[in-house]
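Student: Build me a model from this:
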Amino acid sequence: MTTADPTPVRLDERLASIGIVTRVLKRPDTGAFIGAVAVFVLFAITARQVNWAGDLGVWSSWINTAAYDGIVAVPVALLMIGGEFDLSSGVMIGSSGLLLGILTTHYHWGLWPAVVVCLLFGLAIGFLNGLTVVKTRLPSFIVTLGTFFMLRGINAGLTIKITGGVSINDIDQASGFSFAHKVFASTVWEKYGLSVATLWWLGLTVVAAWVLARTRFGNWIFGAGGDPVAARNVGVPVARTKILLFMATSTVAAFWGVMTAVGLRGMQSNEGVGREFEFIIAAVVGGCLLTGGYGSVIGAAFGAAIIGMAQIGIISSGWDSNWVYFFEGVVLVAAVMLNTAIRRRAERAR
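Tutor: The predicted model follows:
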């Protein structure tokens with residue numbers, strides 16, 4: 001007795017196609033990638049003073065600009081996925097750079113011990129921000145806005161008291177500066193002027209993306225931002241996760257302050273003020289929800305790239321540089337609308 005082989009069931013190729021499309025659309029960084037391509041094409045058309053698409057020097061210019069926003073946008077994106085904001089990340093850049101300058105030029109510390117103190121200072125401020133948020137349950141917007149004003153006052157007041165002015169110079173006279181400059185502010189591609197900051201940006205983005213996608217702490221971040229009550233009920237240390245995210249954000253901002261101070265060989269007391277909004281814009285453009293629980297570090301990198309292209313592209317197009325702010329506002333609103341539309345389409349396709 002023989003039995004016929006069952007006829008194999010053919011899967012509808014349309015279903016496989018829909019599955020792939022749905023997965024792509026559900027990615028939080030899809031909208032940011034589309035936006036980055038659109039902005040690149042825009043300036044390839046309008047920036048007639050330079051060879052926007054073909055000149056690697058132009059590429060280096062906007063990539064360098066993007067890197068400085070992108071470095072801090074990485075932890076800001078993680079923090080937003082965790083359901084919180086940090087409006088003190090910009091002013092922390094100035095605080096760290098000024099602290100580095102004061103320690104090296106007025107107290108004659110070596111540069112590397114001063115760098116360590118700056119990073120510890122960032123850790124401490126982040127810890128205080130996070131602890132205040134989780135213990136008082138005040139909105140992080142309010143807590144970090146208060147930190148912003150306190151640090152801004154300290155930056156100006158303390159600098160004037162110690163130096164008699166609003167800036168610190170001659171950091172390059174400190175011992176250890178030469179090696180620090182190679183680490184924080186050198187050029188890795190001399191021909192086209194590509195900054196070492198791009199390597200820091202790339203490395204930080206890769207590590208953060210891996211943490212978010214492949215580790216238990218990454219799951220904790222999504223849980224803490226998406227539904228903290230449910231996350232807490234299944235054992236997620238929500239408070240500790242949020243505090244660690246605040247500490248990471250403030251420390252990376254302090255690191256960026258060190259990079260800036262070493263690169264400029266000095267620091268102004270108002271350095272970094274207002275940059276916190278660019279970090280948030282990069283994260284939001286990258287797909288991070290303002291309510292938390294959703295987002296992408298890779299998307300934030302695309303968001304930073306958009307900002308970098310805008311800042312260089314507007315000048316290269318012969319427009320007034322003040323239009324950068326208008327462009328960033330348009331990009332922010334457009335990105336939120338595009339990301340919302342993409343998510344809704346993905347949900348309907350499921």
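
Student: OK, contacts around the residue lying closest to residue 244 once chain neighbours are set aside?
Tutor: Of all residues not flanking residue 244 in the chain, residue 130 sits nearest, at 7.4 Å (CB to CB, 6 or more residues apart in numbering). C-beta coordinates here come from the backbone N, C-alpha and C atoms, glycine included. Counting by CB atoms under 8 Å, 6 or more residues apart in numbering, residue 130 touches 242-247.

Student: which one of the residues you listed has the most neighbours?
Tutor: The most neighbours of any of the contacts of residue 130, using other CB atoms under 10 Å, belong to residue 246, which has 33 neighbours.

Student: my guess is that residue contacts residue 122, does it?
Tutor: No - at 10.4 Å, residue 246 does not count as touching residue 122 under the criterion of CB atoms under 8 Å.

Student: Show me the shaky parts of the stretch 251-350 of the chain.
Tutor: 342-343, 345-350 (pLDDT under 70).

Student: Helices of that one, start to end?
Tutor: Taking DSSP state H, counting those that start in this stretch as the criterion, the stretch 251-350 of the chain contains helices spanning 275-285, 297-316, 323-349.

Student: Give me the distance between the longest one and the centre of its chain.
Tutor: Put plainly, it is helix 323-349. A distance of 18 Å separates the C-alpha centroid of helix 323-349 from that of its chain, computed with CA atoms, centre = their mean, to the nearest Å.

Student: Enumerate every residue touching residue 66.
Tutor: Residue 66 neighbours (CB under 8 Å, 6+ apart): 201, 304-305, 307-309.

Student: do the same with residue 232
Tutor: residue 238.

Student: Give me the spatial nearest neighbour of residue 338, chain neighbours excluded.
Tutor: Nearest non-adjacent residue to residue 338, counting by CB to CB, 6+ apart: residue 31, 4.4 Å away.

Student: Verify the contact between the one you found and residue 339 for me.
Tutor: Yes - the criterion here is CB under 8 Å, and residue 31 meets it with residue 339 at 4.2 Å.

Student: Quick check: neighbours shared by the two?
Tutor: Joint contacts of residue 31 and residue 339 (CB under 8 Å, 6+ apart) are residue 287.

Student: Tell me where the stretch 101-250 of the chain has strands.
Tutor: For the stretch 101-250 of the chain, the strands defined by DSSP state E, counting those that start in this stretch cover 167-169, 187-189, 194-195.

Student: closest one to residue 108 among those strands?
Tutor: Nearest of the strands of the stretch 101-250 of the chain to residue 108, taken as CB to CB: strand 167-169 at 13.4 Å.

Student: Please name every helix or strand in contact with that closest one.
Tutor: Strand 167-169 sits against helix 89-101, strand 266-268, with contacts defined as 3 or more CB pairs under 8 Å, 6 or more residues apart in numbering; DSSP states H and E.

Student: make it 6 Å
Tutor: The contact analysis (3 or more CB pairs under 6 Å, 6 or more residues apart in numbering; DSSP states H and E) places strand 167-169 against strand 266-268.

Student: and the closest residue to residue 299 other than its chain neighbours, what does it touch?
Tutor: Once flanking residues are discounted, residue 299 sits nearest to residue 286: 2.8 Å by CB to CB, 6+ apart. By CB atoms under 6 Å, 6 or more residues apart in numbering, residue 286 lies in contact with 29, 32, 296, 299-300, 302-303.

Student: can I get these in CSV with neighbour count and distance to residue 78?
Tutor: Converted to CSV, the contacts of residue 286 look like this (neighbours: other CB atoms under 10 Å; distance: CB to CB, whole Å):
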residue, neighbour count, distance to residue 78
29, 23, 14
32, 30, 16
296, 24, 10
299, 30, 12
300, 37, 9
302, 26, 16
303, 35, 14
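
Student: of the residues you listed, closest to residue 106?
Tutor: residue 300 (36.6 Å).

Student: Help me confirm that the closest one comes into contact with residue 284.
Tutor: No - at 8.8 Å, residue 300 does not count as touching residue 284 under the criterion of CB atoms under 6 Å.

Student: shared neighbours of these two, anything?
Tutor: By CB under 6 Å, 6+ apart, no residue touches both residue 300 and residue 284.

Student: just to revisit the earlier point, and the residue nearest to residue 338, what element?
Tutor: helix 30-46 (DSSP states H and E).

Student: got the angle between that helix and helix 275-285?
Tutor: With axes from the mean of the first three to the mean of the last three CA atoms, to 10 degrees defining the directions, helix 30-46 sits at 110 degrees from helix 275-285.

Student: Check the offset of helix 30-46 from the chain's centre.
Tutor: With CA atoms, centre = their mean as the basis, the mean position of helix 30-46 lies at 19 Å from the chain mean.

Student: Okay then, goodbye and thanks.
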